[in-house]
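**Student:** Following is a predicted model, sequence given first.
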Amino acid sequence: MDDSTNNNTPSPPPPPPATAAATSRTISEHLALTLQAIDQLTTIFSFPSHIATTAVETIGPEDVTECYNWILDNYDLEDCGGPVVPKLDCPHLEQLLKEKGEDVLGRFQLLQGESNDI
């Protein structure tokens, strides 16, 4: 009997995805990165899961930003924004806070003076 017709013979495991093989990651590591990328695309950027999955399968899980851009390029979806991380070392921000802080302090002192006059 030929082994290829024997249904009881276990089939060999599928080969790892090309990106996993290229970076020497295990299948588990690749799967973890894939799920993390899909999670970011669906929870942070609110893309539908089937589109996020397609993007990660096409681009790979290493670069979520590239997946995000691929989705915007290939689907008629609107960029709904996402989390914005402020640049804390911006001199404009420092000056604005200083001016607003002085303004708030001045108002507080003005209010304190008015309440003492009563």
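**Tutor:** Sure, I can see it. Numbering: from 1, shown residues only.

**Student:** Count the neighbours of residue 43 for me.
**Tutor:** Neighbour count of residue 43, defined by other C-beta atoms under 10 Å: 11. To be clear about C-beta, it is placed using only N, CA and C from the backbone, and glycine gets the same treatment.

**Student:** Same check on residue 44?
**Tutor:** 12.

**Student:** where does it sit relative to residue 69, distance-wise?
**Tutor:** To residue 69, residue 44 is 14 Å away according to C-beta to C-beta, to the nearest Å.

**Student:** Now do the same contact list for residue 34.
**Tutor:** Listed by C-beta atoms under 8 Å, 6 or more residues apart in numbering, the contact set of residue 34 reads 56, 61.

**Student:** That one sits in which helix or strand?
**Tutor:** helix 27-39 (DSSP states H and E).

**Student:** ok, then the element right after that helix?
**Tutor:** Counting by DSSP H and E, the element after helix 27-39 in chain order, helix or strand, is helix 49-59.

**Student:** Could you pull out the buried residues of that next one?
**Tutor:** Residues of helix 49-59 classed as buried by neighbour count (16 or more other C-beta atoms under 10 Å): 51-56, 59.

**Student:** The helix or strand just after it: which residues count as buried?
**Tutor:** Sequence order places helix 64-74 as the next helix or strand after helix 49-59, per DSSP H and E. For helix 64-74, burial by neighbour count (16+ other C-beta under 10 Å) applies to 64, 67-68, 70-71.

**Student:** What's the separation between the nearest residue to residue 74 once chain neighbours are set aside and residue 45?
**Tutor:** Nearest non-adjacent residue to residue 74, counting by C-beta to C-beta, 6 or more residues apart in numbering: residue 55, 7.9 Å away. Separation of residue 55 from residue 45 (C-beta to C-beta): 10 Å.

**Student:** Identify the contacts common to those two.
**Tutor:** residue 68.

**Student:** Out of the buried residues of helix 49-59, which comes closest to residue 35?
**Tutor:** When the buried residues of helix 49-59 are ranked by distance to residue 35 (C-beta to C-beta), residue 56 comes first, at 8.9 Å.
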